[in-house]
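Visitor: Sharing a model that was predicted from the sequence below.
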Amino acid sequence: MSEEFSCKISPPFLSEGNDRDLGLESTLEELPMYNFQVEINCTGAEVANFFERYPLLPGAILVEQGKFTGMISRRRLLEFLIRPHGQEVFVQESLSVLYSYTRTTILLLPDTTPILTAMQLSLKRSPEMLAEPIVVKTASGVYRLLDVQELNITSWQIQGIENLVRYERSQVQIIQNDKMANLGRLVDGVAHEILDPVGFIWGNLTYVSNYSQDLLKLIAAYDKELSSTSAEILGIKEEIEFDFLEQDLSRSLASIRTGAERLKKLVTSLQNFCHIDEIYPKPVDLHACIDSIILLINSRLQGEIEIVKHYGQLPPVYCFMGQLNQVLMNILSEAVDTLLNEAVRQQLHFEDTKTAPKPRIEITTEVISQAASNPNAPDSRWVLIHIADNGPGMSQELQQQIIESFSMEKKAGKETSLAVSYRIILAKHGGKLNFRSQLGLGTEFEILLPLV
């Protein structure tokens with residue numbers, strides 16, 4: 001090989017790509033690619049010598065004084081040999097002349113392009129271009145060639161991984177749904193067993209209260225009628241502290257009534273939260289659902305977080321109560337965690353908490369009209385549940401991560417409670433779940449449910 005030949009054509013080499021395992025987020029830089037740059041003043045015959053020595057080489061990157069000018073594939077170049085007078089042109093003319101005859105649209109992609117995206121873009125090309133290699137530009141400005149066959153094999157491997165992840169996730173979801181259904185039935189049974197004795201206590205409290213008042217009246221009548229009281233009776237009264245007992249009995253019964261009422265509400269809320277949804281949605285009182293969730297998380301509020309409710313007039317809404325309870329629990333728990341973490345952070349940094357506003361969650365419900373917010377949209381009525389906290393808010397990066405988790409295309413990412421809530425509202429109820437946040441001001445969530 002002459003020195004002139006060597007200086008015009010750089011020997012090709014194949015980059016191995018990254019060693020890490022391929023995944024749904026893998027990019028082109030992880031694939032093996034060819035680096036074969038040829039000066040455009042070389043002849044086709046000179047390049048063909050390299051194609052003969054490297055049978056897997058898909059094409060050549062054309063450069064002029066080191067500057068990228070285009071790409072010519074093995075197939076396009078060798079087509080000249082079967083054209084009339086093609087052999088003469090192939091041997092005598094430079095690649096610049098040959099390229100002017102074979103110039104086609106090149107698919108040029110950065111090496112940060114996801115493999116699955118590159119595959120989609122490749123398949124969108126015209127049929128005669130599907131076998132053409134793809135030009136990939138690296139971050140350092142180097143142009144390389146990616147064999148379409150390599151891209152096809154890799155993309156099928158990734159899609160196989162995606163299908164496996166979907167299958168495993170579906171199996172986990174089936175098992176989880178079965179566990180939750182069994183747990184719901186178990187909790188419902190336990191709650192029913194608790195409600196039975198509570199019902200006995202609640203039902204008999206009225207009678208006990210009346211009986212005690214009647215007995216006190218009887219004792220008072222005896223005291224009034226008897227002119228003198230025996231020493232034994234006076235001793236018993238003093239022993240049992242009759243005067244205090246008479247005053248405290250009604251208060252004790254009222255306290256028992258309050259405890260029984262709270263226990264009854266708590267168990268009922270637990271039953272509603274573990275409600276097993278049926279095939280079709282049913283009308284639900286949303287305010288009762290919200291109150292039930294607040295009652296369940298009341299122990300976590302620790303008296304530090306204020307819940308403010310602004311309830312509007314809502315009709316019964318057709319929905320899956322169990323799943324909607326899960327959404328409300330997820331969002332309210334997220335707000336409570338944020339406010340409690342901020343309170344702990346302030347204490348650890350010795351910040352003045354006296355001047356800081358009291359942690360607060362505001363819940364607003366109302367019926368809105370879609371036409372009022374968007375004149376171009378058809379008139380439709382929605383139930384709005386607005387949940388806002390006065391916490392520290394979210395950074396733009398965290399908000400972007402949450403929005404990406406909402407995307408239906410992120411099937412292999414870790415499922416978050418907010419992503420699950422988004423899918424329940426969107427897919428199961430045909431509604432909308434929006435959120436906005438600002439640092440220092442707090443976070444707001446909007447649940448929109450259509451009214452049938």
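Guide: That came in fine, so what should we check first?
Visitor: Checking Leu24 next. Helix, strand or coil?
Guide: Put simply, Leu24 is coil when judged by DSSP: H, G, I helix; E, B strand; the rest coil.
Visitor: Surely it is in contact with Gln159?
Guide: No. Contact between Leu24 and Gln159 fails when scored by Cβ atoms under 8 Å: they sit 9.2 Å apart. Every residue, glycine included, has its C-beta placed from N, CA and C.
Visitor: now stretch 11-23: mean pLDDT?
Guide: Mean pLDDT, stretch 11-23: 69.
Visitor: Span of it from start to end?
Guide: By Cα to Cα, to the nearest Å, the extent of stretch 11-23 from end to end equals 32 Å.
Visitor: repeat for stretch 108-124
Guide: Stretch 108-124 has an end-to-end distance of 13 Å (Cα to Cα).
Visitor: what comes up buried for it?
Guide: By 16 or more other Cβ atoms under 10 Å, the buried positions in stretch 108-124 come out as Leu109, Asp111, Thr113, Ile115, Leu116, Ala118, Met119, Ser122.
Visitor: and if you look at stretch 301-312?
Guide: Neighbour counts over stretch 301-312 (16+ other Cβ under 10 Å) mark Leu301, Ile305, Ile307 as buried.
Visitor: ok, Gln313 - how many residues close by?
Guide: Applying other Cβ atoms under 10 Å, we find 7 residues neighbouring Gln313.
Visitor: now the residue nearest to it when sequence neighbours are not counted, what's its secondary structure?
Guide: Take Gln313 and drop its neighbours on the chain: the residue closest to it by Cβ to Cβ, 6 or more residues apart in numbering is Val367, 7.3 Å away. At Val367 the chain is in strand, as set by three-state DSSP.
Visitor: what's the lengthiest helix in the chain packed up against?
Guide: As assigned by DSSP state H, the longest helix anywhere in the chain is helix 148-225. Helices and strands touching helix 148-225, by 3 or more Cβ pairs under 8 Å, 6 or more residues apart in numbering; DSSP states H and E, are helix 115-123, helix 242-273.
Visitor: what's the angle between that helix and helix 242-273?
Guide: Helix 148-225 and helix 242-273 meet at an angle of 160 degrees, taking axes from the mean of the first three to the mean of the last three Cα atoms, to 10 degrees as the criterion.
Visitor: Averaged pLDDT, helix 148-225. What do you get?
Guide: In this model, helix 148-225 has a mean pLDDT of 77.
Visitor: ok, back up a step: go through the helices and strands packed on helix 148-225 and name the closest to Glu397.
Guide: Closest approach to Glu397 among these (Cβ to Cβ): helix 115-123, 22.3 Å.
Visitor: which helices and strands sit right next to that closest one?
Guide: Helix 115-123 makes packing contacts with helix 148-225 when contacts are defined by 3+ Cβ pairs under 8 Å, 6+ apart.
Visitor: confidence score at the residue positioned nearest the centre of the chain?
Guide: Taking Cα atoms, centre = their mean, the centroid of the chain lies closest to Ala419, which sits 2.0 Å from it. Predicted confidence (pLDDT) at Ala419: the value is 84.
Visitor: Can you tell me what sits against stretch 303-319?
Guide: 281-287, 290, 294, 301, 336, 339-340, 343, 358-367, 383, 429, 449, 451-452 (Cβ atoms under 8 Å, 6 or more residues apart in numbering).
Visitor: rerun at 6 Å
Guide: With contacts defined as Cβ atoms under 6 Å, 6 or more residues apart in numbering, stretch 303-319 is touched by 281, 283-284, 286-287, 294, 339, 358-366, 383, 429, 449, 452.
Visitor: From the opening residue of it to its closing one, how far?
Guide: By Cα to Cα, the extent of stretch 303-319 from end to end equals 32 Å.
Visitor: for that stretch, what is the average pLDDT?
Guide: On average, the pLDDT along stretch 303-319 is 89.
Visitor: Off-centre distance for it?
Guide: Averaging C-alpha positions (Cα atoms, centre = their mean, to the nearest Å) puts stretch 303-319 24 Å from its chain's average.
Visitor: I'd assumed the residue nearest to the centre of the chain was in a strand, is it?
Guide: No. Under three-state DSSP, Ala419 falls outside any strand and is assigned helix.
Visitor: Looks to me like Ile233 is in a helix.
Guide: Yes. Ile233: assigned to a helix according to three-state DSSP.
Visitor: Could you check how far it is from Glu241?
Guide: As judged by Cβ to Cβ, to the nearest Å, Ile233 and Glu241 stand 14 Å apart.
Visitor: List the residues that contact Met329.
Guide: By Cβ under 6 Å, 6+ apart, the neighbours of Met329 are Ile293.
Visitor: and the gap between Pro197 and Tyr167?
Guide: As for Pro197, its distance to Tyr167 is 47 Å (criterion: Cβ to Cβ).
Visitor: Asn152 now?
Guide: 22 Å.
Visitor: repeat for Arg76
Guide: Separation of Arg76 from Tyr167 (Cβ to Cβ) stands at 42 Å.
Visitor: between Leu24 and Gln159, which one's more packed in?
Guide: Here Leu24 and Gln159 are compared on neighbour count by other Cβ under 10 Å; more neighbours surround Leu24, at 17 against 14.
Visitor: Show the backbone phi and psi for that one.
Guide: Main-chain torsions, Leu24, degrees, to the nearest 10: phi -70, psi -20.
Visitor: I'd like to know how far it sits from Thr117.
Guide: 11 Å.
Visitor: Likewise for Val308?
Guide: According to Cβ to Cβ, Val308 and Thr117 sit 46 Å apart.
Visitor: Also Met33?
Guide: Applying Cβ to Cβ, the value for Met33 to Thr117 is 16 Å.
Visitor: do the same with Glu128
Guide: To Thr117, Glu128 is 22 Å away according to Cβ to Cβ.
Visitor: Count residues in the vicinity of His287, would you?
Guide: By other Cβ under 10 Å, the residues close to His287 number 15.
Visitor: List the contacts of it.
Guide: Tyr311.
Visitor: Only the buried residues of the helix or strand hosting it, if you could.
Guide: Secondary structure assignment for His287, by DSSP states H and E: helix 286-296. Across helix 286-296, burial judged by 16+ other Cβ under 10 Å covers Leu286, Cys289, Ile290, Asp291, Ser292, Ile293, Ile294, Leu295, Leu296.
Visitor: same question, stretch 41-59
Guide: By 16+ other Cβ under 10 Å, the buried positions in stretch 41-59 come out as Cys42, Thr43, Gly44, Glu46, Val47, Ala48, Phe50, Phe51, Tyr54, Leu57, Pro58, Gly59.
Visitor: what stretches of the stretch 351-452 of the chain score poorly on pLDDT?
Guide: Scanning the stretch 351-452 of the chain for pLDDT under 70 picks out 351-355, 370-379, 407-415, 452.
Visitor: all helices for it, in order.
Guide: Under the criterion DSSP state H, counting those that start in this stretch, the stretch 351-452 of the chain contains helices at 370-373, 396-406, 417-423, 429.
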